[in-house]
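S.K.: Could you look at this predicted model? Sequence included:
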Amino acid sequence: MAVSKKRIWGWMAFDWASQPFYTLGLTFIFSPYFATVAADYYMAQGTDSGQARAQAQSLWSSGQTIAGLIIAFTAPFLGAWADRSGRKIPWIAFFSVVYIIATWMLWGLTPDGSRLVWTLVIFYIGFIAAESALNFVNAILPSLGTDDEIGRISGSGAAFGYWGGVLALFAMLLFLAENDQGVTLLGIAPLFGLDPDMREGTRSVGPFIAIWFAIFMVPFFLFVRDAPRVKGAVMRGGTVLSELATTFKSLFVRRSLGFFLLSSMFYRDALNALYAYGGVYARLVLDWSIIQIGVFGIVSAITAAIATWVGGLADQRFGPKPVITATVIMLVAVSTIIVGMSRASLFGIPLAQGSLIPDIIFYFCGAAIGGAGGAVYAASRSMMVRHTHPDRPAEAFGLFALSGKASAFLAPALIALFTWATGNVQLGFLPVIILFLTGLFLLRWVNKEGDRAQWSVSS
């Protein structure tokens, strides 16, 4: 049955609406600002500069760890419940409201760090809401086209989202986020009379993200509807848990699905760590300003938009598995460079004081992370569609979320541990390389065609 183009574009609107949270919040504006405030706060308590920066990174890791665990243990149950009820849109609406409230409240992190822990909690409540809504949105993907079309639709949607992130980041840098001299990228004071001394331009990233999401989610709610509920479907928690338990047991016999979920658990955890710590790394290791990090973000997001779209076309032609393999290999190479580079040296080779080599290399790293990360994300959800039972897509993507978050504590915890043990921010990234390589190794047992065909045969 042909799918309305309005429904497909409405579905893509979610990526456009939600991407600024990841681009501006998680990576390029809010997270480095949080790292700066946290490091300054610890130094004000008497901690030396290097240890204060390590503590700031460890604090950020703790929030990501806890949020990831919450998502991991709630996503499969919520997905199974949504499949049983046939209702996904109400869940998306609920988490959208939570998201808007939480992101708006990020305004409260003042430079003195008085609300440091409270703001960390609020940020990751917004993160949980964003990821939970995304699970239900992803569960709609199988209904938007055939297996041959899904890869292109997934890639196009993700690319569309990245362009939204680019536009939002441009707006933030040009008109709101101030540098250490109190001016934006245009050389003007932040709009609306915001006080640069209180970093109000940068802090406005929270309300900006909230307003952006509220406006651009309108097409989604206008054009995307739940399928009619099957008559006789009865909602019982026990039934949902029983069906979910059966699905978990099936992972032991569905070899391809089991290995795909296990593989993606490791490489997506590593990728999320790169996203979460990219801006923090630039701030704490390279001493970049918020403006510099923002420009870096634009380069990364533009590359991501283009590469993700190209990846979607490659997915349609070759399937998702080759796309995932190639991009993970690229991410291993980038992570190795990040670990081996600091302001003073590159893989142990001393650099001249004030050398621009680390800055130039990190710009290339950011472009590679954006491009490879976007492509691997789109191809991964395309691969999940090939392993999805037609009648239980939300449950399947709940498991997909579980695999992406079940070890969510692992990368942040290992980064926190390595950072603490070495007292060195870049060496704290060593576990990311190990996680990528583990995911790549496990991918060899994943069937490139998935196992979805067996459901249509047995139905």
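M.R.: Thanks, I have the structure now. Residues are numbered from 1 along each chain as shown.
S.K.: end to end, how far does stretch 213-225 reach?
M.R.: With CA to CA, to the nearest Å as the measure, the first residue of stretch 213-225 is 19 Å from its last.
S.K.: Give me the contact list for it.
M.R.: 4, 6-7, 9-11, 13-14, 16-18, 20-21, 89, 92-93, 96, 99-100, 103, 137, 140, 164 (CB atoms under 8 Å, 6 or more residues apart in numbering). Yep, even glycine has a C-beta here, placed from its N, CA and C like the rest.
S.K.: one more time with 10 Å
M.R.: With contact meaning CB atoms under 10 Å, 6 or more residues apart in numbering, stretch 213-225 is reached by 4-21, 88-89, 92-93, 96-97, 99-100, 103-104, 126, 130, 133, 137, 140, 143-144, 164, 168.
S.K.: Which among those count as buried?
M.R.: Among the contacts of stretch 213-225, those buried by neighbour count (16 or more other CB atoms under 10 Å) are 7-21, 88-89, 92, 96, 99-100, 103-104, 126, 130, 133, 137, 140, 143-144, 164, 168.
S.K.: Please, where are all the strands along the stretch 351-459 of the chain?
M.R.: Counting by DSSP state E, counting those that start in this stretch, no segments of the stretch 351-459 of the chain form strands.
S.K.: any low-confidence regions in it?
M.R.: 390-399, 401-409, 452-459 (pLDDT under 70).
S.K.: what are the ranges of the helices in it?
M.R.: Remark: helices assigned in the stretch 351-459 of the chain by DSSP state H, counting those that start in this stretch are 357-385, 393-405, 410-422, 430-442, 453-458.
S.K.: Any chance of JSON lines for the ones you listed, columns mean neighbour count and distance to residue 38?
M.R.: JSON lines is the format used below for the helices of the stretch 351-459 of the chain (neighbours: other CB atoms under 10 Å; distance: least, CB to CB, whole Å):
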{"stretch": "helix 357-385", "mean neighbour count": "24", "distance to residue 38": "21"}
{"stretch": "helix 393-405", "mean neighbour count": "27", "distance to residue 38": "24"}
{"stretch": "helix 410-422", "mean neighbour count": "20", "distance to residue 38": "13"}
{"stretch": "helix 430-442", "mean neighbour count": "20", "distance to residue 38": "21"}
{"stretch": "helix 453-458", "mean neighbour count": "10", "distance to residue 38": "48"}
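S.K.: would you list those in TSV and tack on distance to residue 282?
M.R.: Below are the helices of the stretch 351-459 of the chain laid out as TSV (distance: least, CB to CB, whole Å):
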stretch	distance to residue 282
helix 357-385	7
helix 393-405	24
helix 410-422	15
helix 430-442	15
helix 453-458	45
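S.K.: mind checking which of the ones you listed is nearest residue 69?
M.R.: Nearest to residue 69, of all those, is helix 393-405, at 7.1 Å by CB to CB.
S.K.: State which helix of the protein is the longest.
M.R.: helix 49-85 (DSSP state H).
S.K.: Restricted to helices, list the contacts of stretch 213-225.
M.R.: Counting by DSSP H, those contribute 5-20, 89, 92-93, 96-97, 99-100, 103-104, 126, 130, 133, 137, 140, 164, 168 to helices.
S.K.: for the stretch 51-200 of the chain, which spans come out with low pLDDT?
M.R.: 79-80, 82-86, 147.
S.K.: tell me the contacts of the closest residue to residue 347 other than its chain neighbours?
M.R.: Using CB to CB, 6 or more residues apart in numbering and skipping residues adjacent in sequence, the residue nearest residue 347 is residue 340, 4.1 Å away. Residues near residue 340 by CB under 10 Å, 6+ apart: 346, 347, 348, 349, 361, 426, 427, 429.
S.K.: for these, which one is nearest residue 294?
M.R.: residue 361 (18.6 Å).
S.K.: Many thanks, have a good one.
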